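J.: Pasting the sequence and the predicted coordinates here, then a few questions.
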Amino acid sequence: MSTTETTAEHPHGIWEPPSPVRRLQLLHSAQSIAIVGASDKPQRASHFVATYLLSSSSYRVHFINPRLDEILGQPVYPSLADLPEVPDIVDVFRRPGDVPGIVDEAAEVGAQTVWMQLGIRNPEAAQLARDRGMEAVQDRCVKIEHARFHGGLNLAGFNTGVISAKRQRLDG
Amino acid sequence: MSDRQFGFRTRALHAGTVPDAVHGTRAVPIHQSTSFVFKDTDDAANLFALQKYGSIYSRIGNPTVNALEERLASLEGGIGAVATASGMSAEFLVFAALCGTGDHIVASSKLYGGTVTQLDVTLRRFGIETTFVDTTDPEAFRAALQENTKVVYTETVANPSSDVADLRGLADVAHEHGVPLVVDSTLTTPYLLRPIEHGADIVVHSVTKFLGGHGTTLGGVVVEAGTFPWDNGKFPSMTEPVPSYGNLSWWGNFGEYGFLTKLRSEQLRDVGPSLSAQAAFQLMQGIETLPQRMGEHVANAQRVAAWLEADERISYVNYAGLASHPDHARAQEVLPLGAGSVFSFGVAGGREVGARFIESLQLASHLANVGDVRTLILHPGSTTHQQLTEEQMDAAGIPEDLIRISVGLEDVEDILWDLDQALDAALAATAVESDGEQGEQAEQSEEAR
Ligand SMILES: Cc1ncc(COP(=O)(O)O)c(C=O)c1O
């Protein structure tokens, strides 16, 4: 999300952390997610996210890691450019300093959103993504955010912030 | 959906209960089942490894209980909550999660009697020491801190002294030492005071009391702010690998969600004091009208306290809502809607007149609870605080003649009428008795003559 004011330097405005509603929109408008920095170790946070997305969402999930061949029975690709499709969301599990390079790669393949995981913050990289016409999220977990809007987070006793008299939305 | 920030009353009715996808059930359904069917073996494995969300077994989580948890987390402004079978077990889970043999707790001495014994007897037996601090002054808490201190603990408004905690001061003391401030906010409820807004990290409640509100059901809850840095080195169990969950780390894998995930997946699993679905349903009915009830509770309490204070048959009233209370200014600052409806007073004439007063009440119920819709009354010295030594009684600020009242929602004129007639009866009985004694003495002296 961003302010409406645009300049030559920031043609899509200044980046701001997206609100809950905007995060929900980003998740709903996506059909595929690429996890960059995916691990095959079950105790790693990226593995939790991968398992959750594969079992509790309808997303097509892809893995990026130049050092691995297979995660959870799925092929692993060396880079975003090697994927069989353009990922809508690029979910980043890499240290903050690596994010600008990933933003470049994501822009080149035509992704919609660069999403930095819980604990990863790089507002400059988020602004870079904005400037390339993409959306950016930082310090949020895709698993938690998806579960926030699809009932899972409630089943763990967490405060989803969702107040609605509409039926629970399901996905997958 | 929109980004609107909904108000307290709205959240008391809606938070945690989005209607389910299949039936659209409007009231919260009672999921009366110990266990939940897995989709397949992968699903089971992933659930057990915490790799996905979902219900497994009601000791660890139950959808009806989850609804209550999210609702209370929302009302307190926390990141989430874990519900428990009672207020006492909520407290125990927090201490068990944060402390082990050789650790230390700094707590206010003005706590509910059961909390004092949990700390002073049971946890001490497990090798966890507590220093009780007999003042609300944060500096006294600071002075009691030790290298191995893991928790600073207080209630918001003490029962029955009505002392009001300096939450901001205590939070600063705790945080400078790298430990969380844990607050029992049972008597204030999130309607009157939200400790997280004043710097607390963890809030516990006996949901049994005003939250449930109707005196039908026991329950407890732990709410966490989600802002404490659990990786500060003082809490190795938050950062070290957890073998029973594939060597994940509560902090490393779940970040700000880690403490409550540990509380549920480890402490509820191992200790087991879960809230039942039936109980959660009952308590939810109460929470829905919490704002309306608390408004009436404090209005009635203020009237009753002022009436008692003005009556010469009463020797003292301890209520932070009265200008005479030493913490009145703090109460006005942190409890602008009212200082709760539990307070205490002494009946002139001492212990025996007090006992007769309690027996003469017609409307107020003599029992060991607070936070019912009905007015409740008790003599702590002979009931809730009976297990405390005289020193502990003194430290808790409980004189022997002290009577505790939990002002209910009856017509306030009826509550006042009841107190008035019981005071008359107690004093009249005392007068008759002393007349009788004098009479006997007179007879004796006549005989002697
Ligand atoms: C302030 C306070 N905290 C904790 C408790 C314990 O709660 P429970 O009876 O639900 O275990 C009580 C009352 O019993 C209480 O008054």
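T.: Alright, I've got the coordinates.
J.: residues from the stretch 201-350 of chain B in reach of chain A?
T.: By Cβ under 8 Å from any Cβ of the partner chain, the residues of the stretch 201-350 of chain B that approach chain A are B:241, B:246-249, B:252-253, B:255-257, B:260-261, B:264. Using the backbone N, CA and C atoms, a C-beta is placed for each residue, glycine as well.
J.: Show me how to select, in PyMOL, the buried members of those residues.
T.: For selection in PyMOL, the members of these meeting the burial criterion (16 or more other Cβ atoms under 10 Å in any protein chain shown) are listed in this command:
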select buried, chain B and resi 246+248+249+252+253+255+256+257+260+261+264
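J.: what's the closest of the residues of the stretch 201-350 of chain B next to chain A to A:Ile71?
T.: Nearest to A:Ile71, judged by Cβ to Cβ, of these is B:Gly246 at 15.4 Å.
J.: Tell me the spacing between that closest one and B:Leu361.
T.: Here B:Gly246 is placed at a distance of 59 Å from B:Leu361 (Cβ to Cβ, to the nearest Å).
J.: Equivalent analysis for B:Gly255, please.
T.: Spatial separation of B:Gly255 from B:Leu361 under the definition Cβ to Cβ is 53 Å.
J.: Tell me where the stretch 201-350 of chain B has strands.
T.: With DSSP state E, counting those that start in this stretch as the criterion, the stretch 201-350 of chain B has strands at B:202-206, B:220-224, B:314-318, B:342-347.
J.: Return the distance of the last one from the chain's centre.
T.: Mean-position distance between strand B:342-347 and its chain equals 19 Å (Cα atoms, centre = their mean, to the nearest Å).
J.: could you dump the residues of the stretch 201-350 of chain B next to chain A to JSON lines with pLDDT?
T.: Below are these laid out as JSON lines (pLDDT from 0 to 100):
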{"residue": "B:Pro241", "pLDDT": "97"}
{"residue": "B:Gly246", "pLDDT": "92"}
{"residue": "B:Asn247", "pLDDT": "94"}
{"residue": "B:Leu248", "pLDDT": "94"}
{"residue": "B:Ser249", "pLDDT": "95"}
{"residue": "B:Gly252", "pLDDT": "91"}
{"residue": "B:Asn253", "pLDDT": "91"}
{"residue": "B:Gly255", "pLDDT": "91"}
{"residue": "B:Glu256", "pLDDT": "92"}
{"residue": "B:Tyr257", "pLDDT": "94"}
{"residue": "B:Leu260", "pLDDT": "98"}
{"residue": "B:Thr261", "pLDDT": "98"}
{"residue": "B:Arg264", "pLDDT": "98"}
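J.: could I get the residues of the stretch 201-350 of chain B next to chain A as a markdown table with distance to A:Val103?
T.: Converted to a markdown table, those look like this (distance: Cβ to Cβ, whole Å):
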| residue | distance to A:Val103 |
| --- | --- |
| B:Pro241 | 33 |
| B:Gly246 | 32 |
| B:Asn247 | 32 |
| B:Leu248 | 29 |
| B:Ser249 | 29 |
| B:Gly252 | 25 |
| B:Asn253 | 25 |
| B:Gly255 | 23 |
| B:Glu256 | 25 |
| B:Tyr257 | 27 |
| B:Leu260 | 33 |
| B:Thr261 | 31 |
| B:Arg264 | 36 |
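J.: Okay, and which of the residues of the stretch 201-350 of chain B next to chain A map to helices?
T.: Among these, DSSP state H puts B:252-253, B:260-261 in helices.
J.: Report the two of the residues you listed separated the most.
T.: Based on Cβ to Cβ, the longest span within these runs between B:Gly252 and B:Leu260 and measures 15.4 Å.
J.: Per-residue confidence, the residue in the stretch 201-350 of chain B that the ligand sits nearest to, what does it come out as?
T.: For the stretch 201-350 of chain B, the residue closest to the ligand is B:Ser206, as judged by Cβ to the nearest ligand atom, at 3.0 Å. With respect to pLDDT, B:Ser206 scores 98.
J.: What of B:Asp394?
T.: pLDDT recorded at B:Asp394 is 73.
J.: which residues in chain A form strands?
T.: Taking DSSP state E as the criterion, chain A carries its strands at A:32-36, A:60-64, A:70-71, A:74-77, A:89-92, A:113-116, A:135-137.
J.: ah, wrong one, I meant the stretch 51-200 of chain B
T.: According to DSSP E, counting those that start in this stretch, the strands that the stretch 51-200 of chain B contains are B:80-84, B:104-108, B:129-133, B:149-155, B:181-184.
J.: count of residues packed around the residue nearest to the residue of the stretch 201-350 of chain B closest to the ligand when sequence neighbours are not counted?
T.: Across the structure, with Cβ to Cβ, 6 or more residues apart in numbering or on different chains as the measure, the residue nearest B:Ser206 apart from its sequence neighbours is B:Gly87 (2.6 Å). When counting by other Cβ atoms under 10 Å in any protein chain shown, one arrives at 24 neighbours for B:Gly87.
J.: Who are the contact partners of A:Leu155?
T.: The neighbours of A:Leu155, taking Cβ atoms under 8 Å, 6 or more residues apart in numbering or on different chains as the test, are B:53-55, B:61, B:63, B:66.
J.: State the mean pLDDT of stretch B:361-373.
T.: When pLDDT is averaged along stretch B:361-373, the result is 96.
J.: sorry, that was for stretch A:89-98
T.: The average of the pLDDT scores along stretch A:89-98 is 97.
J.: Mark out where each domain of chain B begins and ends.
T.: Using automatic domain parsing, the domain ranges for chain B come out as B:8-287, B:290-441.
J.: For the closest residue to B:Thr115 other than its chain neighbours, give its distance to chain A.
T.: Nearest-residue entry for B:Thr115: B:Glu91, 6.0 Å, with adjacent residues in sequence omitted and distances by Cβ to Cβ, 6+ apart. Between B:Glu91 and chain A the distance is 17 Å, computed by Cβ to the nearest Cβ, to the nearest Å.
J.: Report how many residues lie close to B:Glu91.
T.: Neighbour number of B:Glu91 under other Cβ under 10 Å is 26.
J.: got the contact list for it?
T.: Remark: with contacts taken as Cβ under 8 Å, 6+ apart, B:Glu91 is in contact with B:115, B:118, B:184, B:204, B:220.
J.: Tell me how far it lies from the ligand.
T.: Separation of B:Glu91 from the ligand (Cβ to the nearest ligand atom, to the nearest Å): 7 Å.
J.: returning to that earlier point: please identify the deepest-packed of the domains of chain B.
T.: Using mean count of other Cβ atoms under 10 Å in any protein chain shown, the stretch among the domains of chain B with the largest mean neighbour count is domain B:8-287, at a mean of 21.
J.: Span of it from start to end?
T.: According to Cα to Cα, to the nearest Å, domain B:8-287 extends 11 Å from its N-terminal end residue to its C-terminal end residue.
J.: Find the nearest non-adjacent residue to the residue nearest in space to the middle of chain B, please.
T.: When Cα atoms, centre = their mean is applied to chain B, the residue found nearest the centroid is B:Thr186 (2.6 Å). Excluding the flanking residues, the one nearest B:Thr186 by Cβ to Cβ, 6+ apart is B:Ser206, at 4.5 Å.
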